[in-house]
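Enquirer: Could you look at this predicted model? Sequence included:
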Amino acid sequence: MLDSMRGKGQSKVMWVIMGLLMLGLTGFGIGGLGGGTVNSIGKVGDEPILVNTYARAYQNAASRINQQAGRTLTAAELEQFGVLDQVLDAVVGQAALSNETAERGLSIGDDTVRKAILESPQFQGLDGTFDREGYDFYLERQLGITASEFETLIRKENARALLENTIVTGVKSDLTVPNTLMKFAQQERSFEWVALSEEDLDATIADPSDADLQAYYDTHASNYMSPLTRNITYAWLNPSAMLDAVDVDEADIRESYDLQNDRFNKVEQRAVDRLVFSTMEDAQSARDRIDAEEATFGEIVGERGLEEADVDMGEISRSDVSAQAAEMLFAADEPGVVGPVQSDLGPALFRINAVLDADSTPFEEVRDELRNELAGEAARRLVSDRVTDIDDLLAGGAELEALAKETEMTLGTIAFSAETTEEIAGYDAFREAALAAEEGDFPEVIDLSDGGVFALRLDGIDQPQAIPLEEVRERVVADWRADQVNAALKARAETLKAELEDGGDVSELGLEMTAVDGIKRNTYLEQLPPTTVPEVYKLEDGGVAIVDGGDRVVLARLTNVTAFDPDLGNNDQLLDRINGQLNAQISLDLLSYYTDAVQSQAGVQLNRPIINQVNTQVTGF
């Protein structure tokens, strides 16, 4: 038996384990399929996987992915994203390690468990000492377990931590792998390049004959197909269609204007930076240096160990600064440095970056704008009020054509494809629904981003068809010509490549090469095709690569290779950090392999109906 866990760090680990343990035990239970209460979803060997442990892990994982998705996903959707498998792998692995600790007889001593409970803030009274009554009450009422059961769980969790630490601790390797990685990632290459375009060809590209076009069209037939088209009927209620039914009171328009005073009546402002000094003398000295052009305001900011963002006050009005500062700032009618002056934080210099004049817009000038805004809000409310009636009609079996007759909805049809963007097809919600619709689906009301609603029906799908050559003749001509130019450029590049590999100089041909130095593998060069750098890194010194850029072809000749030097700069620290990360990953891999092994040896039993009940209870559906 391991009867102690020594050290302050380990005591903190004990408290963390206790906190997580109490969190996992709190607030979840599930009725059994045959009556009573089910406490586990299965077991590994003799170790049960508690319902609360699984439910808490599943709930946390679901919350994270729901936050990313922006909505609450169903249990089926979470399973599609792999959440169920990930959570099960985690809790099954945890149970496998707990089963292994029991098999090996690992435990911690009573004194350590007692000390951890007595010192836990969770169980301390107002005087800071252990509260036995509060401890018993919490276990009985909050967790529903006895003190003996709780202490057994603490012992089990910490025993598993001992086993995990034994596996992951002590992994150590030399710098061979980090050095190898750095030699690969930090190597630098220099090269020179020249881009060939159509102007560099020796001969012009002749116009294609009809036979050339027909042959090209036949060979690339898949490029000239009509898109897959979904024929859709929809009923659409747009707030703009309800504007005639809206009556906006003049008093409401005036009230809206009064409530938006900051929008229509902007006071005079200044966009400023403020640099505060300890004394007025220090501030004046800095101002003297600026006036003598010995330093700029920004340079003095840097000398103080500050960033520009640290002194940026944004756009301010007179009330945002002291009276003395306001008088000086708002007396200036152009950007520049003012001060020193006593500010709310002490002596300061101010840099005016922009002068923003007061701007007042009379009610009469914005009356129609405000009226339209209020009318739009009212129209959106009217649309929202109609949704229940529309839902009822659909639930009663009404077709979309009937909706258009019995409500204010507009009936329409659309031949929808991935390229369709006009009118209602411009809404993301409509596009998603149109692409997901299947023939025979029951229409449902779906919201649009502007407050409108719609329902749709898929009437049929037209498969892609070949577009006759005459209808796409201009496209075919352009594509044929581009292919011809590209082929001619690559042929020209092959000729030049041989000359460059022999140390030739293309300047004699009227071409100029551009030198690029110190390029790493992940460097992006905007002026070159994206594959240029990877191709350069395939070359030996003096080698030449041909990079196809479509309407231009690039020739790149490697001129120098600079190897990574671990003795330069702070590379020792960098290598140590990488080595530490590798060791940590190896430790986690070892723990994963060990967990898989003991799990396979002990055997896993899972109660899928109970797992499904927990999933449904957590997600709500």
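Expert: On my side now, so go ahead. Numbering: from 1, shown residues only.
Enquirer: Quick check: residue 325 touching residue 348?
Expert: Yes - with contacts defined as Cβ atoms under 8 Å, residue 325 counts as touching residue 348 at a distance of 7.2 Å. The C-beta positions use only the backbone N, C-alpha and C, and glycine is treated the same way.
Enquirer: Need the residues touching each of the two.
Expert: Common neighbours of residue 325 and residue 348 (criterion: Cβ atoms under 8 Å, 6 or more residues apart in numbering): 339, 341, 342.
Enquirer: what's the average pLDDT for stretch 77-86?
Expert: For stretch 77-86, the mean pLDDT works out to 84.
Enquirer: Actually, stretch 112-120.
Expert: Taken as a whole, stretch 112-120 has a mean pLDDT of 80.
Enquirer: Buried residues, that stretch. List them.
Expert: By 16 or more other Cβ atoms under 10 Å, the buried positions in stretch 112-120 come out as 112, 113, 116, 117, 120.
Enquirer: Then stretch 484-498?
Expert: Within stretch 484-498, the residues that qualify as buried are 484, 485, 486, 488, 489, 492, 493, 496, 497, counting by 16+ other Cβ under 10 Å.
Enquirer: what's the offset of stretch 260-270 from the middle of its chain?
Expert: The chain centre lies 36 Å from the centre of stretch 260-270; the measure is Cα atoms, centre = their mean, to the nearest Å.
Enquirer: just to revisit the earlier point, can you list which of the buried residues of stretch 484-498 are found in helices?
Expert: When those are checked against helices (DSSP state H), the matches are 484, 485, 486, 488, 489, 492, 493, 496, 497.
Enquirer: Helix, strand or coil: sort out the most centrally placed residue in the chain for me.
Expert: In the chain, the C-alpha nearest the mean C-alpha coordinate belongs to residue 68, at 8.0 Å (Cα atoms, centre = their mean). Under DSSP: H, G, I helix; E, B strand; the rest coil, the three-state class of residue 68 is helix.
Enquirer: And the one 4 residues further on, by the same measure?
Expert: Under the three-state scheme (three-state DSSP), the conformation of residue 72 reads as coil.
Enquirer: burial measure for the residue lying closest to it once chain neighbours are set aside, as a count.
Expert: For residue 72, ignoring the flanking residues on the chain, the nearest one in space by Cβ to Cβ, 6 or more residues apart in numbering is residue 66 at 5.3 Å. Residue 66: 16 surrounding residues under other Cβ atoms under 10 Å.
Enquirer: what's the answer for the one 5 residues further on, then?
Expert: For residue 71, the tally of surrounding residues (other Cβ under 10 Å) stands at 7.
Enquirer: Ok, residue 96 next?
Expert: Around residue 96 there are 25 residues (other Cβ under 10 Å).
Enquirer: In contact with it, which residues?
Expert: 44, 45, 47, 595, 598, 599, 602, 604.
Enquirer: and residue 397, helix, strand or coil?
Expert: Counting by three-state DSSP, the backbone at residue 397 sits in coil.
Enquirer: got a pLDDT number for it?
Expert: At residue 397, pLDDT is 88.
Enquirer: Pairing partners for the helix or strand where residue 454 lies, with directions?
Expert: Here residue 454 sits within strand 453-462, counting by DSSP states H and E. According to DSSP bridges, strand 453-462 forms sheet pairs with strand 229-237 (antiparallel), strand 446-447 (antiparallel).
Enquirer: Mind listing what's buried along that strand?
Expert: Residues 453, 454, 455, 456, 457, 458 are the ones in strand 453-462 that count as buried (16+ other Cβ under 10 Å).
Enquirer: next one: stretch 392-403
Expert: Buried residues in stretch 392-403 (16+ other Cβ under 10 Å): 393, 394, 398, 400, 402, 403.
Enquirer: what do you get for stretch 361-378?
Expert: For stretch 361-378, by 16+ other Cβ under 10 Å, it's 366, 370, 371, 374, 375, 376, 378.
Enquirer: same check, this time on stretch 534-553
Expert: 535, 536, 537, 539, 543, 544, 545, 546, 547, 549, 552, 553.
Enquirer: Pretty sure the fourth one sits against residue 555.
Expert: No - with contact defined as Cβ under 8 Å, residue 539 does not reach residue 555; the gap is 11.7 Å.
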